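# Could you work out the structure for the sequence below:
(chains A and B)
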Amino acid sequence: GAVVSQHPSRVICKSGTSVKIECRSLDFQATTMFWYRQFPKQSLMLMATSNEGSKATYEQGVEKDKFLINHASLTLSTLTVTSAHPEDSSFYICSARDMMSGAGANVLTFGAGSRLTVL
Amino acid sequence: DAKTTQPTSMDCAEGRAANLPCNHSTISGNEYVYWYRQIHSQGPQYIIHGLKNNETNEMASLIITEDRKSSTLILPHATLRDTAVYYCIVRSFGNEKLTFGTGTRLTIIP
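Model prediction:
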């Protein structure tokens, strides 16, 4: 089945530094990937839609300059948290749909998530 | 996409069938019902989806009422590994986004 890999699974950084999280579709191609954020004991919140070869679409309230998304190929999207602060500490999860799957199925495969801790 | 309502939490004895309800009374004709689950500290996992007919796969069964205003996810023989938060999501055809609600926290009791 479709597999989405995220790296790193855990990262700890100092306040003010930038952190990059990679999301790869291992056995399928994805023109669109999605980035979510999840705070403890809360549900997943969609941050942005990553589009291969074009700019990402951000959800309302998400700072595009702080959360930089690049989708340079059909199998890789990256999320960079710039100038990270403790309030950015969260669980970041990406997902993707196999572009060859039927539109009716529209099943998203999720990565295992990346836990960011900003000190 | 239509809003869904799920119980906050449920318990189920190991080996029994777990029945998770979902209300989606404002669902429209082109909207599908999807179920995902999230085991602690992992990414969500797809379970099953349907439009109006009942569906079954190796993981679960999905029962959708005739008026489509509610559905039930059935895990036929729950195991401890089925302990997770289960999300019922309604999404229209062609909409790739998934919007998560609060879900049901299912605890399987030995």
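
# so what's the closest residue to chain B within chain A up against?
Residue of chain A nearest chain B, by CB to the nearest CB: A:Phe110 (3.5 Å). (Glycine included, C-beta is placed from N, CA and C.) Shown here is A:Phe110, whose contacts under the criterion CB atoms under 8 Å, 6 or more residues apart in numbering or on different chains are A:4, A:93-95, B:43-45.

# Give me every residue in chain A lying close to chain B.
A:4, A:6, A:32, A:34, A:36, A:43-46, A:49, A:91, A:93, A:95, A:97, A:103-113, A:115 (CB under 8 Å from any CB of the partner chain).

# Can you turn the buried part of those into a ChimeraX selection?
Per 16 or more other CB atoms under 10 Å in any protein chain shown, the buried members of those correspond to this ChimeraX selection:
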select /A:4,6,32,34,36,44,45,46,49,91,93,95,97,106,107,108,109,110,111,112,113,115
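
# okay, and for the chain, where does confidence drop off?
Here I'm looking at chain A. A:99-105 (pLDDT under 70).

# could you do chain B instead?
In chain B, no residues with pLDDT under 70.

# just the helices in chain B please.
Taking DSSP state H, chain B contains no helices at all.

# Run a quick neighbour tally on B:Thr65.
Neighbour count of B:Thr65, defined by other CB atoms under 10 Å in any protein chain shown: 13.

# wait, doesn't it sit right on B:Asn53?
No: B:Thr65 lies out of contact with B:Asn53 (CB atoms under 8 Å); the separation is 11.6 Å.

# can you tell me which residues contact the residue nearest to B:Asp11 when sequence neighbours are not counted?
Distances taken as CB to CB, 6 or more residues apart in numbering or on different chains place B:Thr107 nearest to B:Asp11, at 5.0 Å, with adjacent residues excluded. B:Thr107 is in contact with B:9-12, B:83, counting by CB under 8 Å, 6+ apart.

# Which ones among the residues you listed lie within strands?
The strands, defined by DSSP state E, take in B:9-12 from these.

# got a list of what residue 75 touches?
Defaulting to chain A. Contacts of A:Thr75 by CB under 8 Å, 6+ apart are A:24-26, A:28-30.

# that's the wrong chain, I wanted chain B
With contact set as CB under 8 Å, 6+ apart, B:Leu75 has these partners: B:12, B:17-18, B:20, B:59-60, B:82.

# Chain A versus the closest residue to it other than its chain neighbours, what's the distance?
Ranked by CB to CB, 6+ apart and with sequence neighbours excluded, the top spatial neighbour of B:Leu75 is B:Ala18, at 4.2 Å. Here B:Ala18 is placed at a distance of 20 Å from chain A (CB to the nearest CB, to the nearest Å).
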